[in-house]
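Trainee: Here's a sequence, model it:
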Amino acid sequence: MFASVDALLLARAQFAFTVSFHFLFPAFSIGLASYLMVLEGLWLKTGKGVYANLFRYWLKIFAVVFAMGVVSGIVMSYQFGTNWSVFSDKAGPVIGPLMAYEVLTAFFLEAGFLGVMLFGINKVGRKLHFTATCAVAIGTFISAFWILSVNSWMQTPTGYEIGANGQFLPGPSWAAIIFNPSFPYRLVHTVLAAYLTTAFAVGGVGAWHLLKDRANPGARTMFSMAMWMAAIVAPIQIFAGDMHGLNTLEHQPVKVMAMEGHYDSHPDGAPLILFGIPNSKEKRIDHAISIPKASSLILKHELNAPLRGLDSVPDADEPPVGIVFWAFRVMVGLGFAMLGLGAWSLLARMRGRLHDWTWLHRSALLMGPSGFVAVLAGWIVTEVGRQPFTVYGLLRTSHSASPLDAPAVASSLLAFVIVYFSVFGMGIWYLLHLMQKPPQAHESALDGAPIRTAGITPAPAIEGGE
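Mentor: Sure, this is the predicted structure:
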């Protein structure tokens, strides 16, 4: 029994490690593909060379990010057969076709046009190249659509039937499986998170170069575009997150109990616990700082609305409260920090000082990695909060793992750690090396003709600077 528990924990750790690495790259590539599409579209519309220069600059980075995302994703898929064969056998009839649709639609679309996007800049016409860029951007969204449909079905399973051997079988309507209750909320929340991740990464790079040279036209333009995205998308994301939270309360109330730190039920209004130390042994939050009845107001829109706590749930069905509690606060805290930076940038823009306020640039540089941290924290809330189930309420994680010995799983986990930190560590180092170089204003145009770069030297006359 002890060995089997160890093997299960190691298998979970291995999947958590690989999915955390992998999730960083799609979170960046989804937003970056759309950013490249916007840059090329602006260049075709305006003819301003700064947009073509930035397209070239970020295209190199996108190529590396996309490649690392593909490689890390392929590795993850093998674990369904090695470490989680029971889950694959039972849920395969439902999730297998959905993952196949992702390959047949999104991956083939991306693969078909990626070569043209990366290497056809000077070989095909402008419209065809822009079409390829749009196809890759759309492909990344379609990929997110199918993967999130799979994950959402595991969170809120619908449209299935139970077969004679305990398998989950598709019901009469695939639409009920694909568009399960949490899917629309999770899709919107995740895609917006990808856009914010890209915006703050681009804004951080732009801020880095503005601190060195405020007159750099590429740095000015990328920083301005990133701050527009932050100012517009951050409040939308907070609203979408609130809607997602209400959906989670309806379909996965135990997860919300862990997120809120509600060990006890509150029949006359639950407090909003801002900070504290979860004590799962004593079933309480130590040193809690809370706002009375605010949680009921947020979740039920009524101060005295009752909210159930973990005392109403069997101990065996509780998720690890400490992990979920703190990951949720990291995600929410970074979300409001993004909102604050976006508002600060609007103030600077209104005063005509967007490219001059050094502390704004320093703050944007500090917030550059915030999107990656936030998406990881959100993913932890989603996945750890679903425990102890792989298919929520129906299939336990302990009943999903392959019958492997702990030493076998431990050795593969160690191999993953060594290889991932070596290979992807070098990849991330190379990405930072590319970002450290300032965008140049002398790259050739997309069709090989010289780019119009009039007025790039005097800072006030920079094209596309705002």
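
Trainee: Apart from its neighbours in sequence, what residue is nearest Ala294?
Mentor: Spatially, and ignoring its direct neighbours in sequence, Ala294 is nearest to Leu272 (3.5 Å; C-beta to C-beta, 6 or more residues apart in numbering). All C-beta atoms are positioned from the backbone trio N, CA, C, and that covers glycine.

Trainee: Is it correct that the one you found is in contact with Ile298?
Mentor: Yes. Between Leu272 and Ile298 there is a contact under C-beta atoms under 8 Å: 6.6 Å.

Trainee: Can you give the distance from stretch 51-67 to the centre of its chain?
Mentor: Here stretch 51-67 shows a centroid-to-chain-centroid distance of 19 Å under the convention C-alpha atoms, centre = their mean, to the nearest Å.

Trainee: again, but for stretch 199-214
Mentor: The answer for stretch 199-214 is 21 Å, by C-alpha atoms, centre = their mean.

Trainee: contact partners of it?
Mentor: Here stretch 199-214 makes contact (C-beta atoms under 8 Å, 6 or more residues apart in numbering) with 28, 31, 35, 58, 216, 218-227, 229-230, 233, 338, 341, 355-356, 358, 360-362, 364-372, 435-436, 438-439, 459.

Trainee: give me that answer again for 6 Å
Mentor: Outside stretch 199-214, the residues that touch it by C-beta atoms under 6 Å, 6 or more residues apart in numbering are 216, 219, 222-223, 226-227, 229-230, 355, 361, 364-365, 367-368, 370-371, 435, 438.

Trainee: list the buried ones in it?
Mentor: Ala199, Phe200, Ala201, Val202, Gly203, Gly204, Val205, Gly206, Ala207, Trp208, His209, Leu210 (16 or more other C-beta atoms under 10 Å).

Trainee: could I have that stretch exported to PDB, CA atoms only?
Mentor: Output in PDB follows, covering the C-alpha atoms of stretch 199-214 (Å, rounded to 0.1, in the frame of the first residue of the first chain):
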ATOM      1  CA  ALA A 199       1.100  41.900 -23.300                       C
ATOM      2  CA  PHE A 200       3.200  42.100 -20.100                       C
ATOM      3  CA  ALA A 201       6.100  40.100 -21.700                       C
ATOM      4  CA  VAL A 202       6.100  42.500 -24.600                       C
ATOM      5  CA  GLY A 203       5.700  45.500 -22.300                       C
ATOM      6  CA  GLY A 204       8.500  44.300 -20.100                       C
ATOM      7  CA  VAL A 205      10.800  44.000 -23.100                       C
ATOM      8  CA  GLY A 206       9.800  47.400 -24.400                       C
ATOM      9  CA  ALA A 207      10.300  48.900 -21.000                       C
ATOM     10  CA  TRP A 208      13.800  47.400 -20.800                       C
ATOM     11  CA  HIS A 209      14.800  49.100 -24.000                       C
ATOM     12  CA  LEU A 210      13.100  52.400 -23.200                       C
ATOM     13  CA  LEU A 211      15.200  52.500 -20.000                       C
ATOM     14  CA  LYS A 212      18.300  52.300 -22.200                       C
ATOM     15  CA  ASP A 213      17.100  54.500 -25.200                       C
ATOM     16  CA  ARG A 214      13.800  56.400 -25.000                       C
END
